[in-house]
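[1] Build me a model from this:
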Amino acid sequence: MFNGKKYVTRGAREKLHRLLEMLLWDLVELARHETELDHLQVFELKPAEEEVEGRRLQRIRHFQEKPRYEREVLISEEEPLSQRFYIIDSGEYSTLLLSREY
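    Coordinates of the predicted model:
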């Protein structure tokens, strides 16, 4: 799973800058080493309440339902998002999209 070509929808591309997009793909790859992957990976992005040295933080919660898996990361981000994204694997390719595009 998640071995084929990678695509990003227009909506997701408009919301995510390239480094954040790459981080979501990397989180899927990291999860692959920790658990069996579900075809649907979920990413909830929210601004963190705390700041570090005056920098705003982006909270990213990555999870899947079966088998249960969850990881949360914080990164420095000038303009944190409040958005949900999915990465879905079809077997041939994977697509990163906004939840409303599902």
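[2] Enumerate every residue touching residue 57.
    By CB atoms under 8 Å, 6 or more residues apart in numbering, the residues touching residue 57 are 47-48, 50-51, 74-77, 80. Heads up, the C-betas are built off the backbone N, CA and C, glycines and all.
[3] Among the residues you listed, name the buried ones.
    Using 16 or more other CB atoms under 10 Å as the burial test, the contacts of residue 57 include 48, 77, 80 as buried.
[4] What does the second one show for phi and psi?
    Meaning residue 77. With angles defined as degrees, to the nearest 10, residue 77 sits at phi -150, psi 130.
[5] Which per-residue confidence value corresponds to residue 71?
    Listed pLDDT for residue 71 reads 98.
[6] so where's the longest helix in this protein?
    Across the chain, the longest stretch assigned as helix under DSSP state H is helix 18-32.
[7] Which helix or strand in the protein has the lowest average pLDDT?
    strand 40-52 (a mean of 94; mean pLDDT, DSSP states H and E).
[8] May I have the strands that pair with it, each with its orientation?
    Within its sheet, and counting by DSSP bridges, strand 40-52 is paired with strand 55-64 (antiparallel), strand 83-89 (antiparallel).
[9] Report all helices and strands that the helix or strand harbouring residue 74 contacts.
    Using DSSP states H and E, residue 74 sits in strand 69-76. The contact analysis (3 or more CB pairs under 8 Å, 6 or more residues apart in numbering; DSSP states H and E) places strand 69-76 against helix 18-32, strand 55-64.
[10] pLDDT averaged over the first one, what's the number?
    If you average the pLDDT over helix 18-32, you get 97.
[11] so that helix versus strand 40-52, what angle?
    Relative orientation of helix 18-32 and strand 40-52, computed by axes from the mean of the first three to the mean of the last three CA atoms, to 10 degrees: 120 degrees.
[12] Show me the residue sitting in the middle of this protein in space.
    Taking CA atoms, centre = their mean, the centroid of the chain lies closest to residue 24, which sits 3.6 Å from it.
[13] ok, the spatially closest residue to residue 74 that is not a sequence neighbour to residue 44 distance?
    Among residues not flanking residue 74 along the chain, residue 57 sits closest, at 4.9 Å (CB to CB, 6 or more residues apart in numbering). From residue 57 over to residue 44 the distance is 14 Å, taken as CB to CB, to the nearest Å.
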